[in-house]
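Enquirer: Need the 3D shape of this:
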Amino acid sequence: MDRFEKQTFARIDMPREIVMRHRIPHFQHIIGGYAAGYYAYLWAEVLDADGFAAFTEKGDPFDPALAARLRAIYSAGDTADPMELYRAFRSRAPEIAPLLAQRGLAA
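Expert: You can find the predicted model right below:
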């Protein structure tokens, strides 16, 4: 491993002041499906933030009509395409902007 790193750094002319902070063993958790699982968690956060934004945009977190459209997603089970259900609820595809805003990363 050390020889590989030294050869790679030499080949790309890496300044000596920049040292390795992460090595291959640091990334073993992404092998075996974890990365896909993490993506699913992140996608769930996008849906959560965007879905809640529908209620804040409405100005009422308890809006009955909007809640009924959201309930339709949960009650459908596996009978329809999840993205189509979400589009029916939100009248558009999910957007990442609400999640970025929640994390303080909005422009």
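
Enquirer: Which single helix of the chain contains the most residues?
Expert: Here the longest helix in the chain is taken by residue count, with DSSP state H as the criterion, and it is helix 34-58.

Enquirer: so where is the chain shaky, pLDDT-wise?
Expert: Using pLDDT under 70 as the threshold, the predicted model of the chain has low-confidence ranges 1, 24-33, 35.

Enquirer: one step back: what residues of the helix or strand that comes right after the longest helix of the chain count as buried?
Expert: Past helix 34-58, heading to the C-terminal end, the next element that is a helix or strand (DSSP states H and E) is helix 64-76. In terms of neighbour count (16 or more other CB atoms under 10 Å), helix 64-76 has its buried residues at 66, 69-70, 73. In this view, the C-beta of every residue, glycine as well, is placed from N, C-alpha and C.

Enquirer: ok, now stretch 42-53?
Expert: Neighbour-count burial for stretch 42-53 [16+ other CB under 10 Å]: 46-47, 49-51, 53.

Enquirer: Distance to residue 101 for these - can I get that in a markdown table?
Expert: What follows is those, written out as a markdown table (distance: CB to CB, whole Å):
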| residue | distance to residue 101 |
| --- | --- |
| 46 | 12 |
| 47 | 15 |
| 49 | 8 |
| 50 | 10 |
| 51 | 14 |
| 53 | 8 |
